[in-house]
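Student: Below: sequence and its predicted model.
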Amino acid sequence: MISWDEPLRTPLGAKTAKKLADELGLRTVGDLLRYYPRRYATRGELTDLSSLAEGEQVTVVAEVHSVHKRDLRRQPGGKPRSLLEAVITDGTGRLTLAFFAKVGYHQRELATGRRGMFAGRVSTYRGKKQLAHPVYEMLPDDSAAGERAREFAERPIPIYPATKDLPSMTIARCVGPVLDQVREAGLPDPLPPDLRTRHRLLDLPEALERIHRPADSDEIPRARLRLKWDEAFVLQVALARRRREAA
(Lines give C-alpha, C1' and ligand atoms only; values in the text may rest on other atoms or scores of the structure.)
Protein backbone atom coordinates (compact mmCIF):
# COMPACT_ATOMS: atom_id res chain seq x y z
CA MET A 1 0.00 0.00 0.00
CA ILE A 2 1.41 3.37 -1.00
CA SER A 3 2.18 6.03 1.65
CA TRP A 4 3.37 9.65 1.73
CA ASP A 5 6.87 8.49 2.72
CA GLU A 6 7.03 5.82 -0.01
CA PRO A 7 10.21 6.11 -2.11
CA LEU A 8 9.38 7.15 -5.67
CA ARG A 9 11.10 4.08 -7.09
CA THR A 10 8.06 2.02 -5.97
CA PRO A 11 5.42 3.75 -8.17
CA LEU A 12 7.73 5.11 -10.88
CA GLY A 13 10.72 2.78 -11.13
CA ALA A 14 14.36 3.26 -10.16
CA LYS A 15 15.45 5.19 -13.26
CA THR A 16 12.72 7.83 -13.08
CA ALA A 17 13.05 8.10 -9.29
CA LYS A 18 16.77 8.78 -9.61
CA LYS A 19 16.12 11.48 -12.19
CA LEU A 20 13.63 13.25 -9.92
CA ALA A 21 16.02 13.02 -6.97
CA ASP A 22 19.07 14.22 -8.89
CA GLU A 23 17.33 17.08 -10.72
CA LEU A 24 14.80 18.33 -8.15
CA GLY A 25 15.58 16.63 -4.84
CA LEU A 26 12.23 14.77 -4.90
CA ARG A 27 12.56 11.36 -3.25
CA THR A 28 9.18 10.37 -1.83
CA VAL A 29 5.54 10.34 -2.91
CA GLY A 30 4.91 13.29 -0.59
CA ASP A 31 7.83 15.24 -2.08
CA LEU A 32 6.48 14.85 -5.62
CA LEU A 33 2.84 15.61 -4.84
CA ARG A 34 3.86 18.73 -2.93
CA TYR A 35 5.89 19.97 -5.89
CA TYR A 36 3.15 22.24 -7.18
CA PRO A 37 2.77 23.81 -10.64
CA ARG A 38 4.25 27.29 -10.94
CA ARG A 39 1.49 28.42 -13.28
CA TYR A 40 -1.12 27.09 -15.69
CA ALA A 41 -1.51 27.44 -19.42
CA THR A 42 -4.66 27.02 -21.46
CA ARG A 43 -5.15 25.69 -24.97
CA GLY A 44 -6.06 29.09 -26.36
CA GLU A 45 -3.24 30.94 -24.63
CA LEU A 46 0.00 31.78 -26.43
CA THR A 47 3.12 32.64 -24.43
CA ASP A 48 4.60 36.11 -24.83
CA LEU A 49 7.77 35.10 -26.68
CA SER A 50 9.24 38.61 -26.59
CA SER A 51 9.63 38.38 -22.81
CA LEU A 52 11.92 35.32 -22.86
CA ALA A 53 15.43 35.90 -21.54
CA GLU A 54 18.59 34.22 -22.82
CA GLY A 55 19.64 31.33 -20.62
CA GLU A 56 16.15 30.92 -19.15
CA GLN A 57 14.67 27.43 -18.92
CA VAL A 58 11.14 27.83 -20.30
CA THR A 59 7.97 26.00 -21.22
CA VAL A 60 5.95 27.93 -23.79
CA VAL A 61 2.69 27.43 -25.64
CA ALA A 62 2.95 28.65 -29.23
CA GLU A 63 1.89 28.03 -32.83
CA VAL A 64 4.09 26.62 -35.58
CA HIS A 65 4.62 29.38 -38.14
CA SER A 66 6.99 27.68 -40.58
CA VAL A 67 9.24 24.63 -40.96
CA HIS A 68 12.37 24.46 -43.09
CA LYS A 69 14.78 21.58 -43.64
CA ARG A 70 18.22 22.09 -45.11
CA ASP A 71 21.17 19.79 -45.73
CA LEU A 72 24.41 20.56 -43.94
CA ARG A 73 27.84 20.37 -45.50
CA ARG A 74 28.97 16.77 -45.45
CA GLN A 75 32.30 15.89 -43.88
CA PRO A 76 34.61 13.66 -45.97
CA GLY A 77 33.59 10.08 -45.34
CA GLY A 78 30.77 11.13 -43.05
CA LYS A 79 27.04 10.54 -43.22
CA PRO A 80 24.73 13.18 -44.70
CA ARG A 81 23.33 15.53 -42.06
CA SER A 82 20.31 17.79 -42.05
CA LEU A 83 19.04 20.64 -39.92
CA LEU A 84 15.37 21.28 -39.26
CA GLU A 85 14.39 24.78 -38.21
CA ALA A 86 10.83 25.42 -37.07
CA VAL A 87 9.66 28.93 -36.22
CA ILE A 88 6.95 29.22 -33.57
CA THR A 89 5.01 32.38 -32.83
CA ASP A 90 2.60 34.01 -30.40
CA GLY A 91 1.28 36.24 -33.19
CA THR A 92 3.86 38.97 -32.62
CA GLY A 93 7.19 37.53 -31.47
CA ARG A 94 8.95 34.46 -32.87
CA LEU A 95 11.23 31.72 -31.56
CA THR A 96 13.26 29.23 -33.61
CA LEU A 97 13.43 25.52 -32.79
CA ALA A 98 16.54 23.73 -34.07
CA PHE A 99 16.84 19.95 -34.56
CA PHE A 100 19.90 18.07 -35.80
CA ALA A 101 18.59 14.55 -35.10
CA LYS A 102 15.38 12.70 -36.04
CA VAL A 103 14.74 15.43 -38.57
CA GLY A 104 12.11 13.48 -40.50
CA TYR A 105 10.11 12.74 -37.36
CA HIS A 106 10.10 16.36 -36.19
CA GLN A 107 9.18 17.57 -39.67
CA ARG A 108 6.06 15.38 -39.60
CA GLU A 109 5.07 16.43 -36.08
CA LEU A 110 5.59 20.18 -36.48
CA ALA A 111 2.90 20.95 -39.00
CA THR A 112 2.36 24.62 -39.81
CA GLY A 113 -0.59 26.06 -37.91
CA ARG A 114 -0.55 23.55 -35.07
CA ARG A 115 -0.05 24.55 -31.46
CA GLY A 116 2.11 22.83 -28.89
CA MET A 117 4.05 23.07 -25.65
CA PHE A 118 7.79 23.51 -26.14
CA ALA A 119 10.41 23.27 -23.39
CA GLY A 120 14.11 24.11 -23.44
CA ARG A 121 16.78 26.67 -22.65
CA VAL A 122 16.67 29.97 -24.54
CA SER A 123 19.82 30.78 -26.50
CA THR A 124 20.69 33.28 -29.22
CA TYR A 125 22.00 32.32 -32.67
CA ARG A 126 22.71 34.96 -35.29
CA GLY A 127 20.69 37.50 -33.37
CA LYS A 128 17.59 35.31 -33.03
CA LYS A 129 16.26 33.55 -29.95
CA GLN A 130 16.06 29.78 -30.25
CA LEU A 131 15.56 26.49 -28.43
CA ALA A 132 17.99 23.77 -29.52
CA HIS A 133 16.55 20.24 -29.41
CA PRO A 134 13.54 21.24 -27.27
CA VAL A 135 11.18 18.72 -25.73
CA TYR A 136 7.67 19.31 -27.02
CA GLU A 137 4.14 17.97 -27.09
CA MET A 138 1.68 19.00 -29.77
CA LEU A 139 -1.85 19.94 -28.73
CA PRO A 140 -4.62 18.05 -30.50
CA ASP A 141 -6.47 19.82 -33.30
CA ASP A 142 -10.02 20.95 -32.62
CA SER A 143 -11.24 18.14 -34.84
CA ALA A 144 -9.27 15.46 -32.99
CA ALA A 145 -11.24 12.91 -31.01
CA GLY A 146 -10.56 11.09 -27.76
CA GLU A 147 -9.79 11.84 -24.15
CA ARG A 148 -6.44 13.51 -24.88
CA ALA A 149 -8.11 16.09 -27.12
CA ARG A 150 -10.84 16.79 -24.57
CA GLU A 151 -8.24 17.13 -21.83
CA PHE A 152 -6.33 19.85 -23.66
CA ALA A 153 -9.49 21.57 -24.82
CA GLU A 154 -11.05 21.83 -21.36
CA ARG A 155 -8.36 21.62 -18.70
CA PRO A 156 -5.67 24.07 -17.60
CA ILE A 157 -2.20 22.70 -18.36
CA PRO A 158 0.11 22.67 -15.29
CA ILE A 159 3.54 24.20 -15.83
CA TYR A 160 6.08 23.04 -13.23
CA PRO A 161 9.43 24.58 -12.25
CA ALA A 162 11.71 22.50 -14.48
CA THR A 163 15.30 21.87 -15.48
CA LYS A 164 17.04 21.29 -18.79
CA ASP A 165 16.93 17.51 -18.37
CA LEU A 166 13.57 17.31 -16.63
CA PRO A 167 10.98 19.46 -18.43
CA SER A 168 7.53 20.31 -17.09
CA MET A 169 5.81 17.78 -19.36
CA THR A 170 7.88 14.94 -17.91
CA ILE A 171 7.14 16.03 -14.34
CA ALA A 172 3.40 16.04 -15.13
CA ARG A 173 3.65 12.51 -16.53
CA CYS A 174 5.30 11.40 -13.26
CA VAL A 175 2.69 13.08 -11.06
CA GLY A 176 -0.30 11.46 -12.82
CA PRO A 177 0.16 7.78 -11.88
CA VAL A 178 1.37 8.65 -8.36
CA LEU A 179 -1.70 10.80 -7.80
CA ASP A 180 -3.93 7.97 -9.03
CA GLN A 181 -2.40 5.53 -6.55
CA VAL A 182 -2.71 7.94 -3.64
CA ARG A 183 -6.39 8.55 -4.36
CA GLU A 184 -7.04 4.82 -4.68
CA ALA A 185 -5.23 4.08 -1.41
CA GLY A 186 -7.33 6.59 0.53
CA LEU A 187 -4.43 7.87 2.60
CA PRO A 188 -5.21 9.60 5.93
CA ASP A 189 -5.64 13.36 6.01
CA PRO A 190 -3.54 15.22 8.62
CA LEU A 191 -6.27 17.82 9.23
CA PRO A 192 -9.08 16.65 11.56
CA PRO A 193 -12.48 16.17 9.86
CA ASP A 194 -14.25 18.68 12.12
CA LEU A 195 -11.66 21.34 11.27
CA ARG A 196 -12.11 20.71 7.53
CA THR A 197 -15.88 20.86 7.88
CA ARG A 198 -15.83 24.04 9.95
CA HIS A 199 -13.66 25.87 7.43
CA ARG A 200 -15.12 24.19 4.34
CA LEU A 201 -11.76 22.78 3.31
CA LEU A 202 -11.14 20.07 0.74
CA ASP A 203 -9.64 16.82 1.93
CA LEU A 204 -5.96 16.43 1.05
CA PRO A 205 -6.28 13.94 -1.86
CA GLU A 206 -8.93 16.14 -3.49
CA ALA A 207 -6.80 19.28 -3.03
CA LEU A 208 -3.81 17.55 -4.62
CA GLU A 209 -5.98 16.36 -7.52
CA ARG A 210 -7.22 19.89 -8.16
CA ILE A 211 -3.80 21.54 -7.88
CA HIS A 212 -2.15 19.07 -10.28
CA ARG A 213 -5.08 18.21 -12.58
CA PRO A 214 -7.73 20.93 -12.29
CA ALA A 215 -10.81 20.44 -14.44
CA ASP A 216 -11.04 24.24 -14.79
CA SER A 217 -9.35 27.33 -13.38
CA ASP A 218 -12.04 27.78 -10.71
CA GLU A 219 -10.80 24.67 -8.88
CA ILE A 220 -7.29 26.01 -8.29
CA PRO A 221 -7.97 28.66 -5.57
CA ARG A 222 -9.76 26.17 -3.25
CA ALA A 223 -6.93 23.70 -3.69
CA ARG A 224 -4.32 26.36 -2.87
CA LEU A 225 -6.28 27.43 0.21
CA ARG A 226 -6.36 23.89 1.58
CA LEU A 227 -2.65 23.34 0.92
CA LYS A 228 -1.79 26.59 2.73
CA TRP A 229 -3.65 25.23 5.75
CA ASP A 230 -1.41 22.16 5.61
CA GLU A 231 1.71 24.33 5.71
CA ALA A 232 0.37 26.32 8.67
CA PHE A 233 -0.74 23.16 10.48
CA VAL A 234 2.67 21.52 10.15
CA LEU A 235 4.34 24.69 11.40
CA GLN A 236 2.07 24.92 14.44
CA VAL A 237 2.67 21.26 15.31
CA ALA A 238 6.43 21.79 15.09
CA LEU A 239 6.22 24.85 17.35
CA ALA A 240 4.03 22.98 19.87
CA ARG A 241 6.57 20.14 20.00
CA ARG A 242 9.39 22.59 20.66
CA ARG A 243 7.42 24.25 23.48
CA ARG A 244 6.71 20.86 25.07
CA GLU A 245 10.35 19.80 24.80
CA ALA A 246 11.47 23.11 26.32
CA ALA A 247 9.00 22.68 29.20
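Tutor: That came through fine.
Student: center of the chain - which residue?
Tutor: Taking C-alpha atoms, centre = their mean as the criterion, S168 is the residue nearest the geometric centre of the chain, at 2.7 Å.
Student: how about low-confidence regions in this structure?
Tutor: For the chain, the stretches with pLDDT under 70 are 1, 43-44, 74-80, 141-154, 232-242.
Student: my guess is the residue nearest to the centre of the chain meets E137, correct?
Tutor: No: using C-beta atoms under 8 Å, S168 is not in contact with E137, being 9.8 Å away. Just so you know, the C-beta spots here come from the backbone N, C-alpha and C atoms, and that holds for glycine as well.
Student: list residues touching both of those two?
Tutor: Overlap between the neighbourhoods of S168 and E137 consists of M117, taking contacts as C-beta atoms under 8 Å, 6 or more residues apart in numbering.
Student: Of all the residues in stretch 6-17, which ones are buried?
Tutor: Across stretch 6-17, burial judged by 16 or more other C-beta atoms under 10 Å covers E6, L8, P11, L12, T16, A17.
Student: For it, measure first residue to last.
Tutor: Across its full length, stretch 6-17 reaches 11 Å end to end, with C-alpha to C-alpha, to the nearest Å as the criterion.
Student: Which strand runs longest in this protein?
Tutor: With secondary structure taken from DSSP state E, the chain has its longest strand at strand 57-71.
Student: how about that one: buried residues?
Tutor: Within strand 57-71, the residues that count as buried by 16+ other C-beta under 10 Å are V58, T59, V60, V61, A62, E63, V64, H65, V67.
Student: Run through the residues that contact the second one.
Tutor: The reference is to T59. Contacts of T59 (C-beta under 8 Å, 6+ apart): A41, M117, F118, A119, I159, A162, P167, S168, M169.
Student: Kindly report the same for the third one.
Tutor: Contacts for V60 were tallied using C-beta under 8 Å, 6+ apart; they are T47, L49, L52, I88, L95, M117, F118, A119.
Student: For the fourth one, which non-adjacent residue is closest in space?
Tutor: The shortest distance from I88 to any non-neighbouring residue, by C-beta to C-beta, 6 or more residues apart in numbering, is to A62 (3.9 Å).
Student: This completes my enquiry, with thanks.
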